[in-house]
Each structure stands twice: as C-alpha cells, then as structure tokens.
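Q: got a sequence here, can you build the structure:
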Amino acid sequence: MRIKVYFLFYYIFLFWYAIYLNIGNFEISYLQNSNLLNHISTLFFSILGKNNLSLRLPNLIFSFFSILLYAKIAKYYFKSTEEINFTLIIFSLMPGFIIASLLYNKSIYLIFLTLLFI
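A: Take a look at the predicted model:
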C-alpha cells in the first residue's frame, strides 16, 4: 500500500512539474526534426492542444510503463515485496530517469525499449 501512495505522489509531482516547466531550446530542436518523436508530439498536440503538458505527456506515459516493466523484471531477481519496492523507489528516483520523464527527448523511449528487451 505504501508503494502505491509513493507512486501517486511521485506522478502528481511529475505532472505538476510537466505543466510548469517551460520548453527549452534543446526541446525546440527536437520539435523541428521530422522523426518519430515529432509524430508522437503532433498526435498529443492535436488531442490536448499546444501546451507544456501535451508535450511531456507521452514521456510521462512511457515512464509509467517503464516502471511497470521494471517491477516485472524485479520479481525475477528478488523474492520479497520489500526488496522489489525498494528497487522500484531507487529506479524512480534516479536523476536520469526523472530528467528523461520530464524533458522532451528520446531517452525515455530508449529506457522503455531496453526494459522491454530484457
């Protein structure tokens, strides 16, 4: 139960940060390229309009699924739920994972595909 409350507050914090974090120059360069990221963002822009949340929502969704995949992988390596929960908290608090979840770049998709490969 504690882990569910933790992830509830974790994603509330990420959504709050995604709404108020302005778009940077690095993210604009990704938006100008014609690649898969651009097509995903165009889809979310057409659904939610052009704002900060619609730019970062695909990354937040993929970060959620990455944590679910990591939980499935952790079940094979750890026996007790306390160890699994501890590794999930460590995984979610890694600075690279938080940055990948919030910034508009391809790193969260690479994390997700790497976990899917394992």
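
Q: what about the helix-or-strand element of the chain with minimal mean pLDDT, distance to the chain center?
A: Among the helices and strands of the chain, helix 25-32 carries the lowest confidence by mean pLDDT, DSSP states H and E, at a mean of 71. Taking the mean C-alpha point of helix 25-32 and that of its whole chain, the gap between them comes to 18 Å (C-alpha atoms, centre = their mean, to the nearest Å).

Q: ok, stretch 44-60 next?
A: Chain-centre distance of stretch 44-60: 13 Å, with C-alpha atoms, centre = their mean.

Q: and it, end to end?
A: According to C-alpha to C-alpha, to the nearest Å, stretch 44-60 extends 12 Å from its N-terminal end residue to its C-terminal end residue.

Q: now do the spatially most central residue of the chain against Leu55, distance only.
A: Among the residues of the chain, the smallest C-alpha distance to the mean C-alpha position (C-alpha atoms, centre = their mean) belongs to Ser63, namely 2.4 Å. When C-beta to C-beta, to the nearest Å is applied, the distance between Ser63 and Leu55 equals 14 Å. C-beta: built from backbone N, CA, C; applies to glycine.

Q: and if you look at Asn85?
A: Relative to Leu55, Asn85 is positioned 31 Å away (criterion: C-beta to C-beta).

Q: more neighbours: which of those two?
A: For the pair Asn85 and Leu55, the greater number of neighbours falls to Leu55 (21 against 18), based on other C-beta atoms under 10 Å.

Q: specify the local secondary structure of Lys50.
A: Three states are possible here, and by DSSP: H, G, I helix; E, B strand; the rest coil the one that applies to Lys50 is coil.

Q: phi, psi for it please.
A: Backbone torsions for Lys50, taken as degrees, to the nearest 10, come to phi -90, psi 100.

Q: count the residues that sit near it.
A: The criterion is other C-beta under 10 Å. On that basis, Lys50 has 11 neighbouring residues.

Q: likewise Leu113?
A: One way to gauge burial is a neighbour count; for Leu113, by other C-beta under 10 Å, it gives 13.

Q: same question, Gly96
A: Neighbours of Gly96 (other C-beta under 10 Å): 10.

Q: just Trp16 next, same as before
A: Number of residues near Trp16 (other C-beta under 10 Å) recorded here: 11.
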